[in-house]
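In: sharing a model that was predicted from the sequence below.
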Amino acid sequence: MTRFAAVIRGRSIPAAAAQAHANPRSGEPVRVGEHEVVKTIHTRATWYGPGFHGRRTASGERFNSYAMTLASRHLPFGTQVRVTNPRTGRSALARVNDRGPYRGGYTADLSQGLARRIGMGGSGPIKLEILRPAAKKKPAPPQAARPD
């Protein structure tokens, strides 16, 4: 097995941290509402907010420290993720809208609102599930009536 299982924006993610997701019984992708889980990354995060509230983010939008957003150096802007605090078991859906963190050893900077929602104070471990919109199943074509 190779040492690195996934590459996100040119950065290798260790095989132990990146997992493809499928339901072990049915083989169907794991779904979160209207999204499918693409990858799960177990990593460390910190939060930011009060000093940046109202300032422009790297994506160009104004930062709202109470919104469910996060900063990532490698995920594209607009990427939907589910962030889970393994210590509390609480999770929330969020969107990437900024770049960071710029401290070594951290993969994500959570907004203050997101950190509060999942019960994270300071910094700590998180489970980051990268989501994509679920493919809609096409309805089966109607059966043609057979003449008897």
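Out: Received the coordinates, thanks.

In: quick check: mean pLDDT across the longest strand seen in the chain?
Out: When the chain is parsed with DSSP state E, its longest strand is strand 35-48. Taken as a whole, strand 35-48 has a mean pLDDT of 92.

In: which residues touch the next helix or strand after it?
Out: As assigned by DSSP states H and E, the chain's next helix or strand after strand 35-48 is strand 69-72. Applying Cβ atoms under 8 Å, 6 or more residues apart in numbering, the external contacts of strand 69-72 come out as 45, 48, 57-58, 63, 79, 81, 83, 94-101, 107-111, 114. All C-beta atoms are positioned from the backbone trio N, CA, C, and that covers glycine.

In: got a PyMOL select line for the buried ones in these?
Out: In PyMOL syntax, the buried subset of these is picked out as below (16 or more other Cβ atoms under 10 Å):
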select buried, resi 45+48+57+63+79+81+83+94+95+96+97+98+99+100+101+107+108+109+110+111+114
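
In: from the contacts of strand 69-72, which land in helices?
Out: L114 (DSSP state H).

In: with adjacent residues omitted, what lies nearest to K39?
Out: I130 (4.7 Å; Cβ to Cβ, 6 or more residues apart in numbering).

In: surely that neighbour forms part of a helix?
Out: No - counting by DSSP: H, G, I helix; E, B strand; the rest coil, I130 is located in no helix; its state is strand.

In: for it, list each beta-bridge partner.
Out: When assigned by DSSP bridges, I130 has beta-bridge partners K39, V81.

In: that one contacts P76, doesn't it?
Out: No - with contacts counted by Cβ atoms under 8 Å, I130 stays clear of P76, the gap being 10.2 Å.

In: neighbour count: those two, which is higher?
Out: Counted by other Cβ atoms under 10 Å, I130 and P76 do not tie: I130 has more neighbours, with 22 against 10.

In: show me the contacts for the more buried one.
Out: 37-41, 75, 79-81.

In: which elements pack onto the longest strand of the chain?
Out: strand 80-84, strand 108-111, helix 112-118, strand 123-133 (3 or more Cβ pairs under 8 Å, 6 or more residues apart in numbering; DSSP states H and E).
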